[in-house]
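Trainee: the sequence and its predicted three-dimensional model are supplied below.
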Amino acid sequence: MTASALLHHLQELNIQLSAAGERLTIDAPRDVLTAPLRQQIVEQKQGLLELLSPPAEKEAYPQQPQETPAASVEACSQCGAEIYAYSDDGLNIFCKRHRYMQSHTQCQASPSLTRVTQARFFLQDLVELFNEISDRPEPRTLDLETTGLDAHRDKIVTIALGSPGRVSVLDMRPYYSLNAEWQAHWKRALGEVLGQKDFLWIGHNLKFDWIFLATHFGIHLQRVYDTMLGEQLILGTGLHDAGTPVNLQATAARYRIPVSKEQRLWFPNLDQRSKEWSAPLPVEQLAYIVQDIEVPYQIFQQQQAKIKAQSLDHVIQLENQALPAIAEMELRGVLIDTERWRSILQQKYDRQLELERDITATLEGALRDSRQKAYEKDMDTYKRYQNGLREEERLLMQAYQASTKQKTWPAFRQEGVNRWVESHPPIRKPALPKAKINLSSSAQLQAALSALGIRIHSTQEAALEPFAGNYPIVGQILQWKKLQKFRSAFGENILAMIGPDGRLRTDYGQIGAVSGRIICRNPNLQQMPAREKNEGENIRTCFIAPPGYRILKADLSNIELRILAEVSGDATMLRLFAEGKDLHAETAKLMFGLPENADTKKQVYKGQVSMRDVAKTINFGLAYGMGAQGLANRIGVSADAAKELMGTYFATYSGVSRWLRSSARQAMKQGYAVTLAGRRRPFPTNIADPSIRGSFERSAKNHPIQGTNADIIKRALTLLYETLPEKVHTILTVHDEIVMECPEPLVEAASRLLKDAMIQACRDYLKIVHIPEPDVLVGTYWQKD
DNA sequence: GTACTGAGCCAC
DNA sequence: AAACGTGGCTCAGTAC
């Protein structure tokens, strides 16, 4: 066996070799390192040392560890053609053709399989792949198999790429037992192939593969086409649309592409099954890998016609360009100050316990009293029943005495009692009153409050609020609920998700909402409390910058209303934005006929809320299709008053009114609503039920507004990804907000880039409405305005 | 025991 | 009162 074949053999056995000068260190379990093996290592020591020492830097590619073939063997052992490479055991040499045939016939997996790269052919094959791709730069599919879902913890088993009929599988398992130098060579070679600038990689849910490649090899796929995103745009679905799943199987099925049974279960934790980890890839797995290359490719091809038909070209491009930006953000995570987080939790918890003592004492007291009364009443009826039963037994006894006594008394008695019970349903003995309450149970809370004379249909904040004035306990309950929510949803469960590097990572769903919004979960960082009154307990202060860095934050000011002004073309709203006015205040002035210098925060409407707040409520509510009743509930006036307010509002913004009505009508007629980037959401067209129809109409009105916001933020993330200097990264996005992390000396430049990206992104879609330059907040933590 | 649903509440 | 759009998470309660 040659030195390089030996080295590879050792690697496959998980035996670690390292070279230091003239010393060769072997790290292996005793039972694996057999005597013959040890003998071979000693014989090949010199060759191994050479292979393990770092190769010279000037070489474009290092020579694969291999020695000159023995003089007697110079041709392919199959056909005698020019030597190409050694077989994996180093004992045979093959020409190019037979080397691949060798793999192919060995695995018998698929006629499409043109290459199964083994460790010692890795660099040669990569050079060849590079040439192939450069020669024929048409799109190819890419797909990884991994031992798990966590890019930081799990390993890449295979990297497959190609197109139908030509699939290459790179077996990456040996990579993890290479020394650092050889790992660097593999990375570099992989980067040359996968990181090619203008080459398009197709895949299903490529964010996953992107993150693994970036984490393990520092490779950033440049241009991608994600068939999952494509499918979502074609169908107009979010991520968790139960009716229309967009996983590979379901998607393939929609295009009538046959997919054989899933083999996915084989790969998870493969690295913990050492025998399988070091054995050749089984035929079934290879076939499965090939399928995962060919199927997405076919989906890609079939999607093109639908994209054309629905004019989705632009939004497809928008999403595919945004994918790397979002993947990188997910990979990066955000640094957390856990100590501070815990101290905030403690403060809140202390207060919660104190409140809980008071609340439970009062409520359980009330419950005990009322239940005691109910118990006494129940006990009374129970006793009366028992007395009735005894009286019946007495009568039965009399009847028995008078009878011929053909049955025994117990039998006679039982029959009589059974008869009686039929007309007197049994009453169970009431349980002793217990007065324990779980404040988290809305049913129990409702019952306890009822015992205090507080009758409510629900325990939600809005229902309890009106009683807070007369009943101090209600105020306490409201406080307790806030604290409880905080502790359960934003406490240790989130801290437990922080990585060993102190950073918290979330899973982004690029098209998470049907509107096109990005969502995130595990944890959902888009719902971190933002309205904490006490800055000392603001949880966002725990999202911090590393030493020497700053956090930058900016949002798109009033973006949904600006979009509304744009799409509706409403002259008044456009003018107000152009003048840079406080839109809510100006709306109030127009609606209530106030003079220019009026203070709309001081002017009160019907003794309830300020006029500015009324205007603000309508301004926001209308983007959601709010009705008069909703407005009435929100600002606490009669339905008639609310109706009148809305009338005034829509008279003021007649263009908005017209647009809302016409876009609902159009969506119901043509079957979809669309954003400014061309993102569609489908709607059923023949809905008779007015309430169901109304619900769809509200969604249809909202879609262009919320969805265009999503278009813009994704464009901004893309522009930032393309322009930010190294070490500056976006780390969070929350619908209209972008948060970045930046070395202190680069703050000025990064702020500029952030502003420019946001303005440019708006400009790409909003051509008429005024866009102000965003304010960038700079600090050591995630600030809110 | 696990799986699901509804109430409630956090974000924009 | 479902009737104000898009989401996720937790808990209680129930069904299997």
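Mentor: Happy to help now that I have it. In this text the structure is predicted, and so the values were computed from the model without any measurement.

Trainee: give me the contact list for stretch A:452-461.
Mentor: With contacts defined as C-beta atoms under 8 Å, 6 or more residues apart in numbering, stretch A:452-461 is touched by A:362-363, A:366, A:442, A:445-446, A:449-450, A:463-464, A:467, A:471, A:473-474, A:478, A:481. For the C-beta atoms, the positions are set from N, CA and C on the backbone; glycine is no exception.

Trainee: now do 10 Å
Mentor: By C-beta atoms under 10 Å, 6 or more residues apart in numbering, the residues outside stretch A:452-461 that reach it are A:362-363, A:365-367, A:369-370, A:439, A:441-446, A:448-450, A:463-464, A:466-468, A:470-471, A:473-474, A:477-478, A:481-482.

Trainee: could you pick out which of these are near DNA strand B?
Mentor: Contacts with DNA strand B within the contacts of stretch A:452-461, counted by C-beta under 7 Å from any atom of the strand: A:442, A:446, A:481-482.

Trainee: returning to that earlier point: may I see the ChimeraX selection of the buried members of the contacts of stretch A:452-461?
Mentor: Selection of buried members from the contacts of stretch A:452-461 for ChimeraX, criterion 16 or more other C-beta atoms under 10 Å:
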select /A:362,363,366,367,370,439,444,445,446,448,449,464,467,468,471,473,474,477,478,481,482
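
Trainee: show me the contacts of stretch A:452-461 that map onto helices.
Mentor: A:362-363, A:365-367, A:369-370, A:442-446, A:448-450, A:463-464, A:473-474, A:477-478, A:481-482 (DSSP state H).

Trainee: need the contact list for residue A:251.
Mentor: A:204, A:227-228, A:230-232, A:234-235, A:244-245, A:257, A:259, A:295-296, A:299, A:302-303.

Trainee: PyMOL command to pick out the buried ones of those residues?
Mentor: Buried members of these, defined by 16+ other C-beta under 10 Å, are picked up in PyMOL with:
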select buried, chain A and resi 204+227+228+230+231+232+234+235+245+257+259+295+296+299+302+303
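
Trainee: could you tell me which of the contacts of residue A:251 belong to helices?
Mentor: Going by DSSP H, the helices hold A:227-228, A:230-232, A:234-235, A:295-296, A:299, A:302-303 from those.

Trainee: and the strands in the stretch 301-450 of chain A?
Mentor: A:334-336 (DSSP state E, counting those that start in this stretch).

Trainee: that older thread, as CSV, the ones in helices among the contacts of residue A:251 with pLDDT and distance to DNA strand B would be great.
Mentor: Shown next, in CSV, are the ones in helices among the contacts of residue A:251 (pLDDT from 0 to 100; distance: C-beta to the nearest atom of the strand, whole Å):
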residue, pLDDT, distance to DNA strand B
A:227, 97, 27
A:228, 96, 22
A:230, 97, 26
A:231, 96, 23
A:232, 95, 20
A:234, 96, 25
A:235, 94, 22
A:295, 97, 27
A:296, 97, 28
A:299, 98, 27
A:302, 98, 31
A:303, 98, 30
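
Trainee: can you pull out the low-pLDDT segments for chain A?
Mentor: Scanning chain A for pLDDT under 70 picks out A:1-74, A:88-90, A:106-107, A:262-263, A:428-434.

Trainee: interface residues of the stretch 651-785 of chain A facing DNA strand C?
Mentor: The stretch 651-785 of chain A comes close to DNA strand C at residues A:691-692, A:694-695, A:698-699, A:702, A:706, as judged by C-beta under 7 Å from any atom of the strand.

Trainee: now do the same contact list for residue A:745.
Mentor: Listed by C-beta under 10 Å, 6+ apart, the contact partners of residue A:745 are A:548, A:550, A:727.

Trainee: out of those, which comes closest to residue A:575?
Mentor: Nearest to residue A:575, judged by C-beta to C-beta, of those is residue A:550 at 37.5 Å.

Trainee: ok, the helix or strand hosting the closest one: who's next to it in the sheet?
Mentor: Residue A:550 is part of strand A:549-555, with elements assigned from DSSP states H and E. Pairing partners of strand A:549-555, with direction, according to DSSP bridges: strand A:737-743 (antiparallel), strand A:777-779 (antiparallel).

Trainee: check the offset of the first one from the chain's centre.
Mentor: Mean C-alpha position of strand A:737-743 versus that of the full chain (C-alpha atoms, centre = their mean, to the nearest Å) differs by 20 Å.

Trainee: same question for stretch A:641-658.
Mentor: Distance, centroid of stretch A:641-658 to centroid of chain: 38 Å (C-alpha atoms, centre = their mean).

Trainee: pull out the buried residues from that stretch.
Mentor: A:641-643, A:645-646, A:649-650, A:652-653, A:655-657.

Trainee: let's have those residues in TSV, adding secondary structure and distance to residue A:284.
Mentor: TSV is the format used below for the buried residues of stretch A:641-658 (DSSP: H, G, I helix; E, B strand; the rest coil; distance: C-beta to C-beta, whole Å):
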residue	secondary structure	distance to residue A:284
A:641	helix	71
A:642	helix	65
A:643	helix	67
A:645	helix	67
A:646	helix	64
A:649	helix	65
A:650	helix	64
A:652	helix	68
A:653	coil	64
A:655	helix	63
A:656	helix	60
A:657	helix	62
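
Trainee: out of those residues, which is nearest to DNA strand C?
Mentor: DNA strand C lies nearest to residue A:642 out of the buried residues of stretch A:641-658, by C-beta to the nearest atom of the strand, at 9.8 Å.
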